[in-house]
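J.: sequence first, then the predicted structure:
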Amino acid sequence: MKLELKNITKQFPGVKALDDVSLTFSGGEVHALLGENGAGKSTLIKTICGIQKSDQGKVILNDKELDLGSLKEGMSYGITIVNQEIQVFSESSIAENIMMDKLENYRKSAGIDWATLNTEAVVYLERVGLDLDPEMPIGSLSAAQKQLVQIAKALSRDADVILLDEPTSSITENEVAKLFSLVRELRDKGIIMIFVSHKLEEVLEICDVVSVLRDGKHVGTQPISALNKESIVEMMIGRKVLVEEFDELVVDKNDLILQAKDVSLAGVFEDASFDLRRGEILGFYGLVGSGRTELAKTIIGHTPKTGGTVLLNGKAVDITSVSQCIEKYSIGYVSENRKEEGLFLEFDIESNITITIWKRIANKISRAIDMVKQNTMAKDLMKQLDVRATGPSQIVGDLSGGNQQKISIAKWLAADCDILIIDEPSVGVDVGAKSTIHQLIWELANKFGKSIILISSDMPEMISLSSRVVVFKERKITGVVPGIATGNQNYADMSREIGGLMA
Amino acid sequence: MQALNKHLKKALSGGDAGIILSALSLVVIFAVASDSFLTQYNIFNLTRTQSLYIFVALSQAVMLVTGNMNLSVGAIAGLTAVIFGYAIEVLGLPLPLALAAAMTVAMAAGWFNGFVMTKLGVNSFIVTLSTLFIFTGLVYGISEGYSYRGIPKDFVSLGRGNFLGLPYLFYLMVATLAAVWYMFKYTVFGRQLLATGSNQEAAELSGINTHRVIMGANLLSAFFAAMGGLLWVSRLGTAQPAIGQNWLIISFAVAIIGGTALNGGKLTAIGLFGGGLIMVLIKNGLILVQANVYFEQAFLGSIILLTILLNRWREVASKKGKSS
């Protein structure tokens, strides 16, 4: 059993998601596919299972070139994916969930032959080690059991290739052990198992081979015996990382603009404490779901906290809405999902930039927005950020990823907030735009005296910009690492220290 | 041929020009098809109905623009009419007080819709489907199906009089549309309505209190529904509980034909003007060509569906055009 990818290339507007990737997956091994956010993992997975067509390249299964265009076609070749979000029809029975895509095989006169369907479903349930009544609604199962049912579903399709996309993200440790013994069993039967995960411990435990993607390129494939956690991280981040050098920010250690004391959001993160010094760039580093973005959204009043205190300039504040946060406390949040949460794609550039200050630039009586002011502000900011566009009236949806990101930052420059929380500013933008954005973030602190919280899972970005880095792991803050500018470390030491707090 | 092609493209590429062009084409077709079409009487009637339709459409459009809907606009109009009639005939209140009472009840109805949507987090379809029945129940409970008479002459003349051959209502409608145009183009609230409909999450994170905006849309929707209801009374001369019964289809049809985006974020006053005109021309035209009026709703429903399909096709086409 062998799945080969040959010269896969996929171009998205403004960024090359996959660049000539060639990889071979063999039966009888669990093959890890790793990479940082934006490295191209999810695009590659989508290509393998047929959700997305690549621009160039071939997918070859057992020496046969596949013609993939949809998930259904992928399934017909025996390629199946178990998603990170567990997708089930809660009200339907376990058996029906397993057989959902094959119900037509169980037709009996006008209805469905439930007896046969249930008996056959039990066979697959047994194969994944579940001893459950097939007629039970699946909604009553635990997350891990649902995950196993999903695998049973994959088996019922006679899958030759099973992609496990972050399969452990919503299950407990005990359940992980069960899942892993099943993965090993399937591997020993010769099925190609592709394992995508952020958790390196798990990769070391379960995988036989590791392939790493970086910036859309395949940077290497190694047997697990030749690797350890550090060397995997090095492959993911890159040995010779181009760390941009920025001068030291002048910060008074005792001048705290924002403090969080034991801030909690039940079930999402616990007892988060940190302080932000005036004029510094404070990094929040951690994996997706570790609580960093969630903490930021709680600080700005988007999701009210369930415990703890937030202090602004030493005074306790109760921020209950984003509008209050911007207007009264002058804190802005640049969202990580610029398309979903940051921009109005069908609006023009100037409306997008000035949306945070419409109230400020409106006539007090008529409440009409000063269109001249709106236009000049947009023009100035576009120039400052080097936005490539035909003019302030161009529709934002037509811009490239990098330029869109500049607009979503420009909007917060217009708002002129004292504190800016910037979440994953360089995901999905090309190298040139990335360095403009970095330069800008640094200038915001250095030139304009803004205090910045930078959330990122891009290690070089984090290290080159941050005065200090707060590390998040599994919904908790595990430590604060002094930065290169403020401490006396080099890149390697700092990334090692951050890595240590993540492990 | 090329020029025609260009015109056709423009008409199909959407925007206000396309809507107005379609309306004008209908005018030409009917003028040729029927001698009685361009008579002063017919023009008066057409523009008066168009004006009423615009208020009906506005009550729906201000909700659609935020990505919500209001199925209860007709019921709010009926309620306004009945309260107004009750205040005049039963309570014997003077005109200004009766108007104020009717308006107050309408705004309370709008506030209730908004309250359930924003504070209790129920989606607009469910909320207004329920209040459609609640308000309709109140209409018939209060009036017991009875039409109120004794509407003051001054008020009736508003709905029946004309200036330079065009009904007063026409001028009122044009002024209202101008205000709506100004609001959506220049004012903070108008822009916030559009932003909320375009991307509610982004609007929230941009510091827009989207709950307050949606509450505002509900109040505005009730306001336009009440205006429509009261003007309908002034045209009929009696306050009938049946007012608003046929609004569901009119409100959606005129708003959609007039270029209001169903999923929010877009509304144009000129488009609405054209949409109202198209609607009234179709209805009038069906009578002129002696089509069976019992089928009217089937025609209107088909037109809504066609408009939506055309819009979608247009979107796909423009995306393709951009990527190539």
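T.: Received the coordinates, thanks. Numbering: from 1, shown residues only, chains lettered A, B, ... in the order given.
J.: buried sites along stretch A:352-366?
T.: A:352-359, A:361-362 (16 or more other C-beta atoms under 10 Å in any protein chain shown). In short, each C-beta sits where N, CA and C put it, glycine included.
J.: over to stretch B:82-101?
T.: So, applying 16+ other C-beta under 10 Å, buried residues of stretch B:82-101: B:82-89, B:93, B:98-99, B:101.
J.: among the residues you listed, which are located in strands?
T.: If you go by DSSP state E, the buried residues of stretch B:82-101 have nothing in strands.
J.: any idea how many residues pack against residue A:339?
T.: Using other C-beta atoms under 10 Å in any protein chain shown, residue A:339 is surrounded by 16 other residues.
J.: for the residue of the stretch 201-324 of chain B found nearest chain A, which non-adjacent residue is closest in space?
T.: The stretch 201-324 of chain B approaches chain A most closely through residue B:207 (3.8 Å), counting by C-beta to the nearest C-beta. Excluding the flanking residues, the one nearest residue B:207 by C-beta to C-beta, 6 or more residues apart in numbering or on different chains is residue A:326, at 3.8 Å.
J.: all helices of the stretch 101-250 of chain B, in order?
T.: Ranges of helices in the stretch 101-250 of chain B, per DSSP state H, counting those that start in this stretch, are B:124-143, B:153-160, B:168-186, B:188-198, B:200-205, B:210-236, B:247-257.
J.: give me the distance from the last one to the chain's centre.
T.: This points to helix B:247-257. Its chain's C-alpha centre and that of helix B:247-257 lie 6 Å apart, by C-alpha atoms, centre = their mean, to the nearest Å.
J.: for it, packing partners?
T.: Applying 3 or more C-beta pairs under 8 Å, 6 or more residues apart in numbering or on different chains; DSSP states H and E, we find helix B:247-257 packed against helix B:40-64, helix B:73-89, helix B:269-288, helix B:296-323.
J.: again, but for the fifth one
T.: Judged by 3+ C-beta pairs under 8 Å, 6+ apart, helix B:200-205 is in contact with helix B:188-198, helix B:210-236.
J.: and the last one with chain A, contact?
T.: Going back to what we said before, that points to helix B:210-236. No. Judged by C-beta under 8 Å from any C-beta of the partner chain, helix B:210-236 stays clear of chain A, getting no closer than 8.5 Å.
J.: can you pull out the low-pLDDT segments for the stretch 51-200 of chain A?
T.: Where the stretch 51-200 of chain A drops to pLDDT under 70, the residues are A:84-86, A:169-170, A:173.
J.: what about residue A:115, neighbour count?
T.: Counted with other C-beta under 10 Å, residues neighbouring residue A:115 total 10.
J.: just confirm it is within a strand.
T.: No. Assessed with DSSP: H, G, I helix; E, B strand; the rest coil, residue A:115 is helix; it does not lie in a strand.
J.: sorry, back to before: for the residue of the stretch 201-324 of chain B closest to chain A, give me its contacts.
T.: For residue B:207, the contacting residues are A:322-323, A:325-327, A:356, A:415, by C-beta atoms under 8 Å, 6 or more residues apart in numbering or on different chains.
J.: residue B:271 now?
T.: Contact analysis of residue B:271 by C-beta under 8 Å, 6+ apart lists B:15-16, B:19, B:258-260.
J.: dump the helices and strands packed on helix B:247-257 into CSV; add mean pLDDT as well.
T.: Below are the helices and strands packed on helix B:247-257 laid out as CSV (pLDDT from 0 to 100):
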stretch, mean pLDDT
helix B:40-64, 94
helix B:73-89, 97
helix B:269-288, 88
helix B:296-323, 77
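J.: so which of these is the most surrounded?
T.: Comparing the helices and strands packed on helix B:247-257 by mean neighbour count (mean count of other C-beta atoms under 10 Å in any protein chain shown), helix B:73-89 ranks first with a mean of 28.
J.: that helix - contacts with which helices or strands?
T.: In terms of contacts (3+ C-beta pairs under 8 Å, 6+ apart), helix B:73-89 is packed against helix B:40-64, helix B:95-118, helix B:124-143, helix B:210-236, helix B:247-257.
J.: give me that answer again for 6 Å
T.: With contacts taken as 3 or more C-beta pairs under 6 Å, 6 or more residues apart in numbering or on different chains; DSSP states H and E, helix B:73-89 sits against helix B:95-118, helix B:124-143, helix B:210-236, helix B:247-257.
J.: do you know which of these lies nearest residue B:75?
T.: Nearest of the helices and strands packed on helix B:73-89 to residue B:75, taken as C-beta to C-beta: helix B:124-143 at 3.5 Å.
J.: neighbouring contacts of that closest one?
T.: B:68-72, B:75-76, B:78-79, B:82, B:109, B:113, B:116-117, B:241 (C-beta atoms under 6 Å, 6 or more residues apart in numbering or on different chains).
J.: and what of stretch A:270-278?
T.: Residues from elsewhere that reach stretch A:270-278, judged by C-beta under 6 Å, 6+ apart: A:251, A:255-264, A:282, A:295, A:451, A:470, A:476-477.
J.: of the residues you listed, buried ones?
T.: Those of those that meet the buried threshold are A:251, A:256-260, A:263-264, A:282, A:295, A:451, A:470, A:477, by 16+ other C-beta under 10 Å.
J.: now the strands for the stretch 301-450 of chain A?
T.: All strands of the stretch 301-450 of chain A, identified by DSSP state E, counting those that start in this stretch, fall at A:307-312, A:315-317, A:331-334, A:419-423.
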